[in-house]
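Asker: Fold the stuff below for me.
(one chain, ligands or ions: 1)
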Amino acid sequence: MRIAVFSTKPYDRAFLESANIQHGHFFTYFEPRLSRETAALAARHDAVCAFVNDQLNAEVLSMLHTQGIKLVALRCAGFNNVDLPTAEKLGMKVVRVPAYSPYAVAEHTAAMILSLNRKIYRAHNRVREMNFSLDGLLGYDLHQRTVGIIGTGQIGQVFAKIMTGFGCRVLANDPYPAESVIALGGTYVDLPTLYRESDIISLHCPLTPSTRHMIDENAIDQMKRGVMIINTSRGALLDTPAVVEGLKREQVGYLGMDVYEEEVDVFFEDLSGHVLQDDILARLLTFPNVLMTSHQAFFTRDALQNIAETTLFNITSYERQGATPNAVTTEKHRR
Ligand code: NAD
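Answerer: Numbering: from 1, shown residues only. Here you go, the predicted model:
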């Protein structure tokens with residue numbers, strides 16, 4: 001198949017090329033994000049290969065369909081950027097990489113917690129300036145602290161295991177409780193209980209209309225004063241201005257963000273020579289207790305290899321059988 005790859009970075013190309021040796025497809029690599037402005041680049045291809053910030057709304061899908069694109073191969077797990085009903089109406093198949101490394105994301109989440117709690121990022125900057133003072137670096141033992149996990153799918157389950165390794169008490173919230181979390185001693189509770197009792201709250205549920213802005217002023221007010229909030233899932237789970245207010249009044253004590261609601265034009269790019277136009281992002285970057293990474297939780301060698309291999313498997317399966325177990329459909333993902 002001829003595949004137009006959007007949002008290509010050098011590492012995507014390297015891993016896709018290596019996996020493609022077994023498959024023999026033809027890739028054209030485009031650096032820009034997929035959007036209405038760039039969709040025309042997909043002409044003369046059979047499929048597009050897209051990532052988290054590519055836009056696959058009704059307009060873009062219709063443009064792709066007109067150009068003969070039959071398959072959207074997502075090289076990520078989340079599919080909130082795809083208008084699935086429109087894809088189905090147009091007869092376009094959407095496939096994804098449902099699991100490439102829950103460990104990568106769960107481990108990055110743990111890294112953010114440790115770094116925020118023990119202020120590793122501040123300590124590192126300090127000692128490089130020959131400042132060996134400990135003032136302002138005080139942390140707390142994770143042992144016996146309560147961690148609230150919202151969403152215990154693949155990533156949430158691995159994260160629960162990591163945190164029980166630190167001796168944390170795990171509270172969880174998910175409409176579909178996981179046996180593995182209960183076996184670890186985790187307890188499923190409603191959100192008000194999780195908010196009230198957790199020292200650390202970590203989000204691992206998908207972005208849907210019902211979870212958008214779930215961490216708003218009302219939720220924050222129910223949390224413990226000084227709570228640590230970690231979001232490695234999708235930016236819009238947080239009502240970001242409400243979180244900024246929570247940080248200003250010190251109700252939120254720590255914030256770890258690997259994702260940001262308005263990350264589309266910022267994350268994955270080197271903007272070091274530009275003037276930042278996003279005032280909320282600029283404000284977030286001024287807090288000493290906010291740690292931000294640029295959607296890198298997935299970014300391990302193991303994950304990139306799995307992403308490339310599964311993407312190629314999906315494309316070849318679609319080409320040969322017209323189907324793959326990794327298809328995304330409104331029917332399958334109704335819950
Ligand atoms: P998953 O589908 O295995 O698990 C999601 C879980 O959330 C499911 O158990 C589901 O029942 C639960 N859930 C759904 N709605 C909920 C709600 N309203 N409240 C509580 N729980 C709810 O997904 P996963 O592989 O564990 O990934 C979780 C999220 O992590 C993805 O949706 C994606 O957005 C994000 N992600 C981020 C990165 C990154 O690099 N930062 C990488 C991969 C995935």
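Asker: Name the residues of this structure found near the ligand, please.
Answerer: Selection of the chain residues close to the ligand by Cβ under 6 Å from any ligand atom yields 77-78, 102, 105, 150-156, 173-176, 204-207, 210-211, 232-234, 258-259, 295, 297-298. Quick note: C-beta positions are derived from backbone N, CA and C, even for glycine.
Asker: Isn't residue 281 up against residue 267?
Answerer: No - under the criterion of Cβ atoms under 8 Å, residue 281 lies out of contact with residue 267, with a separation of 10.0 Å.
Asker: Filter the residues of the chain next to the ligand down to the ones in strands?
Answerer: 150, 173 (DSSP state E).
Asker: is it true that residue 73 lies in a strand?
Answerer: Yes - the assignment for residue 73 by DSSP: H, G, I helix; E, B strand; the rest coil puts it in a strand.
Asker: where are the low-confidence patches of the stretch 201-335 of the chain?
Answerer: Scanning the stretch 201-335 of the chain for pLDDT under 70 picks out the ranges 334-335.
Asker: Check the chain for the residue nearest the ligand and tell me.
Answerer: The chain approaches the ligand most closely through residue 153 (1.7 Å), counting by Cβ to the nearest ligand atom.
Asker: The stretch 151-300 of the chain: strands as residue ranges?
Answerer: Counting by DSSP state E, counting those that start in this stretch, the stretch 151-300 of the chain has strands at residues 169-173, 187-188, 200-203, 227-231, 252-257, 290-292.
Asker: so what secondary structure elements neighbour the fifth one?
Answerer: Which is strand 252-257. In terms of contacts (3 or more Cβ pairs under 8 Å, 6 or more residues apart in numbering; DSSP states H and E), strand 252-257 is packed against helix 102-118, strand 227-231, helix 240-248, strand 290-292.
Asker: C-alpha coordinates for that strand, PDB please?
Answerer: The C-alpha atoms that make up strand 252-257 are tabulated as PDB, following Å, rounded to 0.1, in the frame of the first residue of the first chain:
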ATOM      1  CA  VAL A 252      -3.300  22.100  44.300                       C
ATOM      2  CA  GLY A 253       0.200  21.500  45.800                       C
ATOM      3  CA  TYR A 254       1.800  19.900  42.700                       C
ATOM      4  CA  LEU A 255       0.900  19.400  39.100                       C
ATOM      5  CA  GLY A 256       2.600  17.000  36.700                       C
ATOM      6  CA  MET A 257       1.500  17.300  33.100                       C
END
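Asker: residues making contact with it?
Answerer: Residues lying outside strand 252-257 but in contact with it, judged by Cβ atoms under 8 Å, 6 or more residues apart in numbering, are 109, 112-113, 115-117, 220, 223, 225-232, 235, 238, 243, 246-247, 284, 287, 289-293.
Asker: Over to the first one?
Answerer: Counting contacts by Cβ under 8 Å, 6+ apart, the residues outside strand 169-173 that touch it are 144-152, 156, 160, 163-164, 178, 181, 184-191, 193-194, 197-198.
Asker: ok, now with 7 Å
Answerer: Contacts to strand 169-173, defined as Cβ atoms under 7 Å, 6 or more residues apart in numbering, come from residues 144, 146-150, 152, 160, 163-164, 181, 184-191, 194, 197-198.
Asker: Please tell me how far the closest residue to the residue of the chain closest to the ligand other than its chain neighbours sits from residue 231.
Answerer: Nearest residue to residue 153, sequence neighbours excluded (Cβ to Cβ, 6 or more residues apart in numbering): residue 204, at 6.6 Å. With the distance defined as Cβ to Cβ, to the nearest Å, residue 204 ends up 9 Å from residue 231.
Asker: How about residue 25?
Answerer: Here residue 25 is placed at a distance of 35 Å from residue 231 (Cβ to Cβ).
Asker: neighbour count winner among these two?
Answerer: Set side by side, residue 25 and residue 231 give different neighbour counts by other Cβ atoms under 10 Å, the larger being at residue 231 (27 against 18).
Asker: In this structure that one contacts residue 240, no?
Answerer: No - contact between residue 231 and residue 240 fails when scored by Cβ atoms under 7 Å: they sit 9.8 Å apart.
Asker: if we can go back for a sec, pull up the overlap in contacts between residue 281 and residue 267.
Answerer: In the contact map built from Cβ under 7 Å, 6+ apart, the residues linked to both residue 281 and residue 267 are residue 260.
Asker: which non-adjacent residue is nearest the spatially most central residue of the chain?
Answerer: Central residue check for the chain by Cα atoms, centre = their mean: the C-alpha nearest the mean position is that of residue 233, 3.8 Å away. Using Cβ to Cβ, 6+ apart and skipping the chain neighbours, the partner closest in space to residue 233 is residue 203 (4.6 Å).
Asker: Bridging across strands, which residues link to the one you found?
Answerer: The residues listed as beta-bridge partners of residue 203 by DSSP bridges are residue 150, residue 231.
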